[in-house]
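> Provided below are the primary sequence and the corresponding predicted coordinates.
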Amino acid sequence: MSKITAAITSIGGYVPEYRLTNFELEKMVDTNDEWIRTRTGISERRILKGEGLATSDMIVPAIQEILQKKNLDPKEIDCIICATVTPDMVFPATANIVADKIGATNAWGFDLSAACSGFLYGLTTGAGFIESGRYKKVIVAGGDKMSAIIDYTDRNTCVIFGDGAGAVLLEANDEGLGVLDSILKSDGSGRNYLNMKAGGSLKPASIETVTAREHYAYQEGKTVFKFAVKGMADVSAQIMERNNLTADDIAWLVPHQANLRIIDATASRMGLPSEKVMVNIQRYGNTTAGTIPLCLWDWEKQLNKGDNIVLAAFGGGFTWGATWIKWAYNS
Ligand code: UT7
């Protein structure tokens, strides 16, 4: 009997309409378009505007696209994993809210907090559920409304992040396609360099935490940059080596979109030309857990059955990792 693997069989995505351009940011903080483009690669990012809208309102349309493409009844979904650091509420989980909004009444689910590596952590977790034979249809979503935790007076962070979400459907495959290997890492000592200081049990919300602007994302950019360049490149090279993959074997690198210079360093370490690297950071910025599924969503039509794809990420935690998949369908 051939081994069951977990394959991505459909993908959906959502980015809000509103475009926050570098030029608009120039009017908000002491920055400029040239600095942002040359240091990060970003020209604009999307922002979810409007009262009462949250991360689930981006994940829901992403999943609805999958339901429509696959002509799938939401009641057939077994499990929903939502990777996010901007859940609608501290509890209940955004996955519960999403299941309710799409009518997935037979699904259970949970949120997964691994910042920018959240989608990779979720993909590996979801793939395990399929490989074990326990579940048939698992949704893995990654999305963040970063604008909810960004301080638009802090030029160190506000130029980088944007809002967006993507989702994939995982189903069993017996042709050797889908998620084939993953190397996932974490190092909690990195918590000091990229975090949100208040709002958790360590520092519950108070007038003091609000006044000190501790409910916003904090990042020591330079330090995170150094760890990210090394971490993402190392793990991407490792996954190639341990699976005997050469640069010629790889059709696409799908890197987390944090900084074009980190992406370039990873691609160069893997020996990949830029034509094989998915980059949409110029349009969406860093959507945290949303970046990797949004790349797959943007490139879906160019992906072919059997393509070797390496997904790679580095983010807060620190968390990082790389996943090797063989694409399972032609669209
Ligand atoms: O996705 C989660 C993981 N996160 C990452 O991977 C992000 C990693 N870090 C980065 O991408 C980069 O560190 C940043 C894009 C955040 C910053 O780029 P950098 O090249 O590391 O800049 P820097 O922080 O070293 O700052 C260089 C200069 C400083 O001025 P001085 O001290 O040299 O005079 C900053 O004050 O640029 C200044 N600066 C800015 N100037 C204009 C910092 N932010 C800005 C800004 N506009 N927005």
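Perfect, I can see it now. Residues are numbered from 1 along each chain as shown.

> following the strand or helix carrying residue 67, which helix or strand comes up?
Assigned by DSSP states H and E, residue 67 falls within helix 56-69. Following helix 56-69 in sequence order, the next helix or strand is strand 79-83 (DSSP H and E).

> Quickly run through the sheet partners of that next one, with directions.
Sheet pairing for strand 79-83, assigned by DSSP bridges, gives strand 108-112 (parallel), strand 138-145 (parallel).

> could those strands be laid out in TSV, adding mean pLDDT, mean neighbour count and distance to residue 6?
C-beta coordinates here come from the backbone N, C-alpha and C atoms, glycine included. Formatted as TSV, those follow (pLDDT from 0 to 100; neighbours: other Cβ atoms under 10 Å; distance: least, Cβ to Cβ, whole Å):
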stretch	mean pLDDT	mean neighbour count	distance to residue 6
strand 108-112	98	19	16
strand 138-145	98	32	8
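
> Serialize those strands to a markdown table and add fields for distance to the ligand.
Formatted as a markdown table, the strands paired with strand 79-83 follow (distance: least, Cβ to the nearest ligand atom, whole Å):
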| stretch | distance to the ligand |
| --- | --- |
| strand 108-112 | 16 |
| strand 138-145 | 10 |
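
> and the helix holding residue 67, average pLDDT?
In this model, helix 56-69 has an average pLDDT of 98.

> Buried ones in that helix, by neighbour count?
56, 57, 58, 59, 60, 61, 62, 63, 64, 65, 66, 67 (16 or more other Cβ atoms under 10 Å).

> Thought residue 168 was touching the fourth one, still the case?
This means residue 59. No. At 11.7 Å, residue 59 and residue 168 do not qualify as touching, with contact defined as Cβ atoms under 8 Å.

> Count the residues that sit near residue 9.
Counted with other Cβ atoms under 10 Å, residues neighbouring residue 9 total 20.

> helices or strands next to the helix or strand harbouring it in the packing?
Assessed by DSSP H and E, residue 9 sits inside strand 5-14. Judged by 3 or more Cβ pairs under 8 Å, 6 or more residues apart in numbering; DSSP states H and E, strand 5-14 is in contact with helix 56-69, helix 118-131, strand 163-173, strand 178-186, helix 291-299, strand 319-326.
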